[in-house]
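**Student:** Predicted model follows, preceded by the sequence.
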Amino acid sequence: MKNLLGTPPSSILLHGPKKTLCDKYLWHVPDTGIVASYTPTARDVEDHFGVFRGVDQIEAFAQATIVSCSGYSETIKQKCTFDYLKATFVPLFVSIGQVNFKGYLEEGDTFISMGQITFYKFRQMTCDGRIYKVPKGLDIDAYFSTYTKEQFLNYELSEDFTLITELFEMTGKGIKREKIVK
């Protein structure tokens, strides 16, 4: 497998079906970054005035970027399966840098997480990135099918995309399950 395209996020992410905040991988270059999508459901916005909370945006971004990209890289490095990684490691936040919210998302608003890898070593990954609201009716699979690395690194998108959040220094690490004290 040369990238995560076509891989269901549920095969990589440990998060249960109620906490998985990533629907699909749209673009992925393993040493560079990823674009993934999610559409908040009624459950995601329940008791929050119909708004997809900022903390959930951060979690969605982390799942789509640092967890997914480092999981992929570890399977290549260790020559193992995603099932082995899920049984052996737990993804944990190490730190969250600056987060700037520019807008908000509601139930049914599809958004993309664009995460650029800035550091990866010893199962620890750091990404900077952005969350954009996808224009209604856009075929995002077709849109990203010809997307280039240069476009990705410059956050080049159609003007119809709406910048929602900027995230800096999102860091996570895969910790061996045996190291977690219960």
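**Tutor:** Done, it's in. Everything quoted here is computed from the prediction, not taken from an experiment.
**Student:** Now do the same contact list for A62.
**Tutor:** By CB atoms under 8 Å, 6 or more residues apart in numbering, A62 lies in contact with F93, M170, G172. Where C-beta positions appear, they are placed from N, C-alpha and C, glycine not excepted.
**Student:** Can you check what pLDDT the model gives the second one?
**Tutor:** As predicted, M170 sits at a pLDDT of 97.
**Student:** beta partners for it?
**Tutor:** Under DSSP bridges, the beta-bridge partners of M170 are C127.
**Student:** What is the burial count for it?
**Tutor:** M170 has 24 neighbours, counted by other CB atoms under 10 Å.
**Student:** Name the nearest residue to E74, ignoring sequence neighbours.
**Tutor:** With sequence-adjacent residues excluded and distances taken as CB to CB, 6 or more residues apart in numbering, E74 is closest to L85, at 5.7 Å.
**Student:** What is the neighbour count of that neighbour?
**Tutor:** Using other CB under 10 Å, L85 has 21 other residues around it.
**Student:** so which strand or helix has it?
**Tutor:** helix 82-88 (DSSP states H and E).
**Student:** just checking, next helix/strand downstream of that helix?
**Tutor:** Counting by DSSP H and E, the next helix or strand C-terminal to helix 82-88 is strand 89-95.
**Student:** neighbouring strands for that following strand, and are they parallel or not?
**Tutor:** Assessed with DSSP bridges, strand 89-95 is paired to strand 162-176 (antiparallel).
**Student:** May I see the buried residues of the partner strand?
**Tutor:** Within strand 162-176, the residues scored as buried using 16 or more other CB atoms under 10 Å are T162, I164, T165, L167, M170, T171, G172, K173, G174, I175.
**Student:** Distance to G54 for these - can I get that in CSV?
**Tutor:** What follows is these, written out as CSV (distance: CB to CB, whole Å):
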residue, distance to G54
T162, 15
I164, 9
T165, 7
L167, 10
M170, 13
T171, 18
G172, 18
K173, 23
G174, 25
I175, 25
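**Student:** buried residues in the longest helix anywhere in the chain?
**Tutor:** Counting residues, the longest helix found in the chain (DSSP state H) is helix 68-78. Buried residues in helix 68-78, counted by 16+ other CB under 10 Å: S68, C69, S70, G71, Y72, S73, E74, T75.
**Student:** Now render the residues you listed as JSON lines, adding distance to T7 and pLDDT.
**Tutor:** Formatted as JSON lines, these follow (distance: CB to CB, whole Å; pLDDT from 0 to 100):
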{"residue": "S68", "distance to T7": "9", "pLDDT": "96"}
{"residue": "C69", "distance to T7": "12", "pLDDT": "96"}
{"residue": "S70", "distance to T7": "14", "pLDDT": "95"}
{"residue": "G71", "distance to T7": "10", "pLDDT": "94"}
{"residue": "Y72", "distance to T7": "8", "pLDDT": "96"}
{"residue": "S73", "distance to T7": "13", "pLDDT": "95"}
{"residue": "E74", "distance to T7": "14", "pLDDT": "93"}
{"residue": "T75", "distance to T7": "10", "pLDDT": "94"}
